[in-house]
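Engineer: Structure for this input, please:
(one chain, ligands or ions: 1)
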Amino acid sequence: MKKKNQQDEKVLARFQYSEDEVIEKPFNWKQMLRLFGYMKPYRNRLLPLAILMVLFNTGVKLAIPILIGKYTIDKALINHDVQLLTILVAVIAGLYIISYIANYFRIKWMNILGQSVIYDLRKHLFTHVQTLSHRFFDQRSAGSILVRIMNDINSLQELFTNGVINLLMDIILLLGVFIILFTLSPELTFAVMLILPIMFFISTSLRRKIRRSWQTVRLKQSKLNSHLNESIQGIRITQSFTQEKENMAFFDGVNTETFESWRVASQKNAMFRPLVELTNALGTAVLIWYGAHLIQGQAISIGVFVSFAFYLGMFWEPISRLGMVYNQLLMGMASSERIFEFLDERPNVDEKENAMLLSHIKGDIKFEDAVFSYDNKRPALNGINLEMRAGQTVALVGHTGSGKTTIANLINRFYDPTAGKVKIDGYDLRDVTLFSLRKQISIVLQDTFIFSGTIKDNIRFGRPDATDEEVMEAAKAVGAHQFIENLSNGYDTEVEERGNILSVGERQLLSFARALLADPRILILDEATASIDTETEVKIQRALKTLLHGRTAIIIAHRLSTIREADNIIVLDHGRIKEQGNHHQLMDLQGEYYHLVKAQFNMMNVG
Ligand SMILES: Nc1ncnc2c1ncn2[C@@H]1O[C@H](COP(=O)(O)OP(=O)(O)OP(=O)(O)O)[C@@H](O)[C@H]1O
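Structural biologist: Okay, here's the model as predicted:
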């Protein structure tokens with residue numbers, strides 16, 4: 001048993017997701033106004049039309065009980081006036097029909113409005129998230145970002161489709177009913193209003209508990225999403241390490257937690273309606289008892305009593321619904337808080353207002369005393385001074401974690417140096433626009449990312465306007481044409497996200513074609529370490545030559561053949577440059593590089 005517990009703890013320690021905490025904020029007008037600002041584009045058409053329908057509908061609702069009680073019963077029925085009765089019935093039926101039509105349009109227009117607001121908000125959030133810096137994505141799981149873009153925005157849907165308009169309708173209805181009730185009989189109104197405190201308790205205190213439970217449900221869902229995302233992405237590793245059982249155990253745990261939180265929330269929710277109905281019944285009991293007493297004393301007529309009963313029925317509904325709208329507002333508050341937190345997030349690498357367009361660079365790169373740390377604690381680069389001249393091929397070598405990728409990250413301005421400068425053609429990267437900088441740099445990563453779509457679309461990813469001929473030329477130049485032609489549908493073969501149907505070597509050739517077509521002035525290449533057969537190795541070497549020709553290339557190099565041909569080799573160690581020079585110079589030096597080469601040479605011989 002103890003052993004099992006220890007094992008469970010280990011499993012739980014493995015899957016740690018930063019949870020979005022329950023945000024329980026008081027009502028905040030400023031934030032609400034900001035949220036409702038998204039309705040602005042529709043304020044001239046959809047919104048006024050829907051409001052008009054609501055006003056009409058509420059007017060009809062308020063008029064019908066009077067028509068039934070005061071006129072149909074007290075005037076037509078009691079005086080046996082058949083003609084008046086017929087007219088009244090026709091008027092009431094007509095009003096119901098018109099009110100039905102008005103309701104239809106209200107629902108239709110409000111749904112369009114609600115969906116449009118959700119569409120705009122989601123678009124705004126996604127567009128913004130795309131501009132955020134790497135640091136933002138370093139700190140969050142993909143699952144938790146997904147939850148904000150999907151679930152949090154979805155949870156605002158109800159508020160925008162029904163909430164706002166219900167609020168208006170209910171306030172008008174309540175005021176109207178209250179005034180009419182008082183005009184009909186102030187004593188009876190006072191008597192039935194005794195129920196008000198109970199009603200108030202239900203719609204505030206109980207509602208709050210229900211709301212908190214639903215928030216917990218959302219948190220659990222977010223955790224479930226993060227785990228699912230990670231599990232599916234890492235399924236191959238999970239299977240190869242036979243960790244399915246542990247994965248299942250954790251999934252079971254989160255799934256059960258989600259289920260439990262649903263159960264609790266639904267249970268609390270289920271209490272709500274019966275309680276409202278019970279209060280209704282109490283109100284009706286008071287009405288009948290005291291109403292009968294007033295009728296006997298001839299203080300009110302039967303018609304007034306009937307109208308009263310109708311209005312009373314209408315009174316509880318908006319109160320209970322107002323509680324619901326308030327609840328929606330508070331839930332919307334929590335969701336919008338999370339959405340605005342992302343929207344207010346500024347990219348760490350920000351563009352200056354007067355940033356320059358970096359047009360047609362030559363490709364000189366310079367690091368001046370560059371210092372960088374990802375976490376402001378451990379330095380990843382520690383005073384780097386280096387120069388790469390346009391057209392040169394520079395190889396970065398060094399032990400794992402020595403800072404090679406970090407240098408590439410700074411050239412692309414995924415991060416800014418903590419101190420010092422990175423310059424291209426003499427321009428500090430902080431002074432130029434990100435678009436003009438990145439447009440002239442291509443990155444080929446070890447773990448090539450293939451997007452879902454055709455092979456053709458993947459190659460033209462960086463230059464969507466490239467023609468089919470240009471795509472094919474690029475593929476031919478890097479030696480990818482042949483394997484593409486052999487695929488079931490050639491260039492039109494569909495590949496799923498991450499390109500699982502392709503081999504590592506094929507994926508790399510595809511990414512070379514993609515980089516070549518983009519025709520960057522600077523190319524950053526993280527060479528794959530995966531062992532590939534000699535034939536592919538030769539192909540890749542040939543492809544590399546084509547790819548590197550005429551541009552500045554920074555290669556995080558692992559293959560001896562690539563390193564040997566580089567114009568300059570930079571050996572990094574703990575974020576510092578230890579040695580640099582060409583292959584022969586460094587071999588003569590008999591330092592770190594010499595040992596690295598020797599080690600690789602020995603390994604190859606052993607292999
Ligand atoms: N996103 C990140 N957040 C925090 N620390 C990071 C991040 N990326 C890298 N590091 C740290 O910065 C240091 C340098 O990492 P870098 O990726 O530049 O090494 P590298 O030389 O490219 O290694 P490798 O050859 O293994 O890819 C390492 O100590 C690493 O742990």
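
Engineer: neighbouring contacts of stretch 253-266?
Structural biologist: Residues lying outside stretch 253-266 but in contact with it, judged by CB atoms under 8 Å, 6 or more residues apart in numbering, are 12, 210, 213-214, 216-217, 219-221, 223-224, 227. Any C-beta I mention is one placed from the backbone N, CA and C, and that applies to glycine too.

Engineer: cutoff 6 Å now
Structural biologist: With contact meaning CB atoms under 6 Å, 6 or more residues apart in numbering, stretch 253-266 is reached by 213-214, 216-217, 220-221, 223-224, 227.

Engineer: closest to I66 among these?
Structural biologist: Of all those, the one with the least separation from I66 (CB to CB) is W214, at 39.5 Å.

Engineer: Next up, the contacts around the closest one.
Structural biologist: Contacts for W214 (CB under 6 Å, 6+ apart) come out as A265.

Engineer: In which helix or strand does it reside?
Structural biologist: Counting by DSSP states H and E, the element that carries W214 is helix 207-233.

Engineer: Between which two of the contacts of stretch 253-266 is the distance greatest?
Structural biologist: S213 and H227 (21.5 Å).

Engineer: that older thread, out of the contacts of stretch 253-266, grab the one that's most surrounded.
Structural biologist: K223 (23 neighbours; other CB atoms under 10 Å).

Engineer: For that one, give its distance to the ligand.
Structural biologist: In this structure, K223 and the ligand are separated by 23 Å, where distance is defined by CB to the nearest ligand atom, to the nearest Å.

Engineer: S488 too?
Structural biologist: Here S488 is placed at a distance of 35 Å from the ligand (CB to the nearest ligand atom).

Engineer: What lies in contact with stretch 276-292?
Structural biologist: Against stretch 276-292 from outside (CB under 6 Å, 6+ apart): 191-192, 195, 198-199, 305, 312, 316, 320.

Engineer: Does S561 lie in a helix or a strand, and which?
Structural biologist: helix 560-565.

Engineer: Poorly predicted segments of this protein, please.
Structural biologist: Within the chain, the stretches with pLDDT under 70 are 1-27, 203, 497-500, 528-537, 601-607.

Engineer: Now do the longest helix belonging to it and helix 207-233, the angle between them.
Structural biologist: Scanning the chain for the longest helix, with DSSP state H as the assignment, gives helix 244-296. Using axes from the mean of the first three to the mean of the last three CA atoms, to 10 degrees, the inter-axis angle of helix 244-296 relative to helix 207-233 is 160 degrees.

Engineer: What are the phi and psi values at V371?
Structural biologist: In terms of degrees, to the nearest 10, the main-chain angles of V371 are phi -120, psi 140.

Engineer: show me what contacts it?
Structural biologist: Neighbour list for V371: 383, 418-420 [criterion: CB under 6 Å, 6+ apart].

Engineer: Which of the residues you listed sits closest to the ligand?
Structural biologist: Using CB to the nearest ligand atom, T418 is the member of the contacts of V371 that sits closest to the ligand, with 12.4 Å.

Engineer: Phi and psi next, for the closest one.
Structural biologist: With angles defined as degrees, to the nearest 10, T418 shows backbone torsions of phi -70, psi -40.

Engineer: my guess is it meets F372, correct?
Structural biologist: Yes: between T418 and F372 there is a contact at 5.2 Å, judged by CB atoms under 6 Å.

Engineer: In which helix or strand does L322 reside?
Structural biologist: helix 302-343.

Engineer: err, Q580, not the other one
Structural biologist: Secondary structure assigned from DSSP H and E places Q580 in strand 576-581.

Engineer: The spatially most central residue of the chain: what secondary structure?
Structural biologist: Residue closest to the mean C-alpha point of the chain, counted by CA atoms, centre = their mean, is I149 at 2.2 Å. Here I149 takes the helix state, with states given by DSSP: H, G, I helix; E, B strand; the rest coil.

Engineer: Tell me which residues touch it, please.
Structural biologist: For I149, the contacting residues are L125, by CB under 6 Å, 6+ apart.

Engineer: and the stretch 51-200 of the chain, which of its residues are near the ligand?
Structural biologist: With CB under 6 Å from any ligand atom as the criterion, the stretch 51-200 of the chain meets the ligand at residues D138.

Engineer: try the stretch 351-500 of the chain
Structural biologist: Taking CB under 6 Å from any ligand atom as the criterion, the contact residues of the stretch 351-500 of the chain with the ligand come out as 374-375, 380, 398, 400-406.

Engineer: Surely E496 is in contact with I450?
Structural biologist: No: E496 lies out of contact with I450 (CB under 6 Å); the separation is 8.3 Å.

Engineer: So for the two, which sits in the more crowded spot?
Structural biologist: With neighbours defined as other CB under 10 Å, E496 and I450 compare such that I450 has more, 21 against 11.

Engineer: any residues touching the helix or strand where F201 lies, and which ones?
Structural biologist: Secondary-structure assignment from DSSP H and E places F201 in helix 196-201. Judged by CB under 6 Å, 6+ apart, the contacts made with helix 196-201 from elsewhere in the structure are 279, 319.

Engineer: that older thread, which two of the contacts of V371 have the greatest separation?
Structural biologist: That would be G383 and T418, which, of the contacts of V371, are the farthest apart (CB to CB) at 11.0 Å.

Engineer: Just flag the most distant two among the residues of the stretch 351-500 of the chain next to the ligand.
Structural biologist: Those two in these that are separated most widely, counting by CB to CB, are D375 and G398, at 20.3 Å.

Engineer: Pick out whichever of the two has more residues nearby.
Structural biologist: Neighbour totals were compared for D375 and G398, and G398 leads with 23 against 9 (other CB under 10 Å).

Engineer: List the residues that contact that one.
Structural biologist: G398 neighbours (CB under 6 Å, 6+ apart): 404, 571-573.

Engineer: Now restrict those to buried residues only.
Structural biologist: 404, 571-572 (16 or more other CB atoms under 10 Å).

Engineer: before we move on, the earlier item: please spell out the ChimeraX selection for the buried subset of the contacts of V371.
Structural biologist: Buried members of those can be picked out in ChimeraX with the line below, counting by 16+ other CB under 10 Å:
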select :420
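
Engineer: In strands, which of the contacts of V371 fall?
Structural biologist: 383, 419-420 (DSSP state E).

Engineer: Save these as a markdown table, and put in distance to N582 too.
Structural biologist: Listed next are the ones in strands among the contacts of V371 as a markdown table, based on distance: CB to CB, whole Å:
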| residue | distance to N582 |
| --- | --- |
| G383 | 23 |
| A419 | 30 |
| G420 | 26 |
